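*Asks:* Any chance you could fold what I've pasted below:
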Amino acid sequence: MWQMLLVLVLPLINTGEDLNKKIEKAVQTELRHFPEARLRDIYKNFFQDAYGPGHLIPDTAHAGGYLNYELQQPIGDTLKWQPLGSANDYYRINLSLVKDDIIPRSVLLEAMVESAVLARNPDIETWKKEWQNVMAVIEKMNLQLVDFESDKKAIEALLAKNEYVMHHSEHYNKTYNRHYRIVHKLVFNRWKDTYLRK
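*Replies:* Next comes the predicted model:
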């Protein structure tokens, strides 16, 4: 009898362990590429993987206009694309790929609209639990992140108001000068065989 229970329980334990390993890998990847990232920047990484670009898309004309503005800015970031979160449902796409005519602007805008409706969009209570799990892994990693406690409190206060959108830290923005958009993995996988193969 106990052998049967073990067979039933082990996959559940492994699933939890696997998720924690994916969370740890996502955090390590962010910090390998962007070692000056703060906790709020890591939060944004996981948040974007859960909610996609939906909060940017309601007004497509505005989204297009702001994209035009960003394409005129200098881009310091050299990472061309980046998988997000533990699920890798979304990828950050560096706008240098549009500036360098690798991905057409119109294709990126269409991809953003397509990607917005593919997000998991967890309800706020589910998201709070997901982030709580991410935080448990981060705290075990003992990363010594700058502004860790103040960022942790800011995220807790945000979630306590049942809100979830948070921007990058000012330090991250100044240090890395990133300009990107996020697209769903279905779009990214299509692009790997076309635009990103170049």
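
*Asks:* Confidence-wise, which helix or strand of the protein is lowest on average?
*Replies:* Least confident helix or strand, the chain: helix 2-33 with a mean of 73, by mean pLDDT, DSSP states H and E.

*Asks:* So which elements touch the next helix or strand after that one?
*Replies:* Next in sequence after helix 2-33, counting helices and strands by DSSP states H and E, comes helix 39-51. Identification of packing neighbours for helix 39-51 by 3 or more CB pairs under 8 Å, 6 or more residues apart in numbering; DSSP states H and E yields helix 2-33, strand 90-94, helix 124-141, helix 148-160. Heads up, the C-betas are built off the backbone N, CA and C, glycines and all.

*Asks:* most tightly surrounded among these?
*Replies:* Greatest average neighbour count among these goes to strand 90-94 (a mean of 24), per mean count of other CB atoms under 10 Å.

*Asks:* Quick one: mean pLDDT for that one?
*Replies:* Mean pLDDT, strand 90-94: 97.

*Asks:* What strands line up against it, and which way round?
*Replies:* Strand 90-94 sits in its sheet next to strand 81-83 (antiparallel), strand 180-184 (antiparallel), going by DSSP bridges.

*Asks:* what angle sits between the next helix or strand after the longest one and helix 39-51?
*Replies:* Translated: strand 180-184. Heading C-terminal from strand 180-184, the first helix or strand you meet, by DSSP H and E, is helix 185-192. With axes from the mean of the first three to the mean of the last three CA atoms, to 10 degrees applied, the angle from helix 185-192 to helix 39-51 works out at 90 degrees.
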